[in-house]
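Colleague: missing the sequence, but the structure's below:
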């Protein structure tokens, strides 16, 4: 665990503690910790724990909202990974082309003063 934290830190990933939602007996206001900016954060009035159906519905809404954040994050990571894979494939391709050109020049003795 420690080495993973160090690795994340060296990659400049920011690790933050996310507050876990714990409903009070009388109910409370839930605010999404992932929404940014905070002024437009998703807010939901969670009913008291005695109202089982409404509480279940509120938990489903919270779960769906957090899943949307997860999907957005995964899409961003996939796009970033595809871009880095494209850059790597392009650089590998240009390296292979340069090797082929230098090999062809050496094998055929091109650009020498007297090739015969």
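Modeller: In hand now; what should we look at? Small disclaimer: the values here were computed from a predicted structure and weren't measured.
Colleague: Just the element for the residue nearest in space to the middle of the chain, please.
Modeller: Closest residue to the average C-alpha location of the chain: residue 77 at 3.3 Å, with Cα atoms, centre = their mean. Assigned by DSSP states H and E, residue 77 belongs to helix 52-108.
Colleague: average pLDDT for that helix?
Modeller: On average, the pLDDT along helix 52-108 is 84.
Colleague: Give me the helices and strands touching it, please.
Modeller: strand 43-46 (3 or more Cβ pairs under 8 Å, 6 or more residues apart in numbering; DSSP states H and E). No exception for glycine: its C-beta is placed from N, CA and C like everyone else's.
Colleague: pLDDT (mean, whole number) over the strand it packs on?
Modeller: The model assigns strand 43-46 a mean pLDDT of 87.
Colleague: in it, what's buried?
Modeller: 44, 46 (16 or more other Cβ atoms under 10 Å).
Colleague: Pairing partners for that strand, with directions?
Modeller: Strand 43-46 pairs in its sheet with strand 28-31 (antiparallel), by DSSP bridges.
Colleague: Run through who's touching the strand it pairs with.
Modeller: 21, 41-46, 58, 62 (Cβ atoms under 8 Å, 6 or more residues apart in numbering).
Colleague: Would you check which pair of the residues you listed lies furthest apart?
Modeller: Across the contacts of strand 28-31, the longest distance by Cβ to Cβ is 15.9 Å; it joins 41 and 58.
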